[in-house]
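1. Mind looking at a prediction? Sequence and model below.
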Amino acid sequence: MKDNKDTVSTAIIIVVGVVVAAILALWIYNSVREEKEAGDAALAQVAQMNNALLESQFTIYDGVQVKGSQVINAIRNFESQDTQINVVVNNGSGETNYCYQSDLKTKIDSTNSSTNMKIYNDKSDMSTYINPSANFSGVVVRDDKTNTIVGIKFTLISNATP
């Protein structure tokens, strides 16, 4: 009889041990899963902040009014860094592309071969001249599919005298 009671006691202890182990394993699994989700969210937020920081050299022009001198400085900066971006300037006489064509594959030389001046400084061709004191509105252009920045468009919003 004693052996039967010991067997039942041992079986109960084993069942309780298995249930406690299962509860403990489930609790550990849920804790790890929650921490992984929190870690993934933190990594996504860091990646988003990093992307915003990388794009800031372009987004500073988005939706703001800038002077023509700032437009010229942006073009010079992007050209000197060989930044693959398309800068479009509408100076009231039409649109001119700078740095790269809109496909971002063809680099543009903005030097006038006859005057050896940068076309944005050459007053002999008013269709490409950028008046440093004129006001322009900047807009960042993004690729529809990837949402990456592919260009900046500056449009003349008021006509100041040179």
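-> On my side now, so go ahead.

2. only C-alpha atoms for contact and neighbour calcs from this point on.
-> Fine.

3. what about this protein, any weak spots by pLDDT?
-> 1-3, 113-116, 158-162 (pLDDT under 70).

4. Scan it for its longest strand.
-> For the chain, the longest strand by residue count, based on DSSP state E, is strand 149-158.

5. Restricting to C-alpha, output that strand in PDB.
-> These are the backbone C-alpha positions of strand 149-158, laid out as PDB (Å, rounded to 0.1, in the frame of the first residue of the first chain):
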ATOM      1  CA  ILE A 149      14.900  61.800 -52.700                       C
ATOM      2  CA  VAL A 150      15.900  62.200 -56.400                       C
ATOM      3  CA  GLY A 151      15.800  66.000 -56.800                       C
ATOM      4  CA  ILE A 152      15.100  69.500 -55.600                       C
ATOM      5  CA  LYS A 153      13.100  71.900 -57.600                       C
ATOM      6  CA  PHE A 154      13.500  75.700 -57.000                       C
ATOM      7  CA  THR A 155      10.800  78.000 -58.600                       C
ATOM      8  CA  LEU A 156      11.100  81.700 -58.800                       C
ATOM      9  CA  ILE A 157       8.400  83.300 -56.600                       C
ATOM     10  CA  SER A 158       9.200  87.000 -57.100                       C
END
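
6. Listing partners with orientation, what would you give for it?
-> Strand pairing for strand 149-158, using DSSP bridges, gives strand 86-90 (parallel), strand 135-142 (antiparallel).

7. who does the helix or strand where residue 7 lies touch, helix- and strand-wise?
-> Assignment of secondary structure by DSSP states H and E places residue 7 within helix 2-59. When contacts are defined as 3 or more C-alpha pairs under 8 Å, 6 or more residues apart in numbering; DSSP states H and E, helix 2-59 sits against strand 149-158.

8. what's around the closest residue to residue 151 other than its chain neighbours, how many residues?
-> Among residues not flanking residue 151 along the chain, residue 86 sits closest, at 4.4 Å (C-alpha to C-alpha, 6 or more residues apart in numbering). For residue 86, the tally of surrounding residues (other C-alpha atoms under 10 Å) stands at 26.

9. about what we covered before: out of the strands paired with strand 149-158, flag the one nearest residue 123.
-> Of all the strands paired with strand 149-158, it is strand 86-90 that lies closest to residue 123, at 15.4 Å by C-alpha to C-alpha.

10. Good, we can wrap up now.
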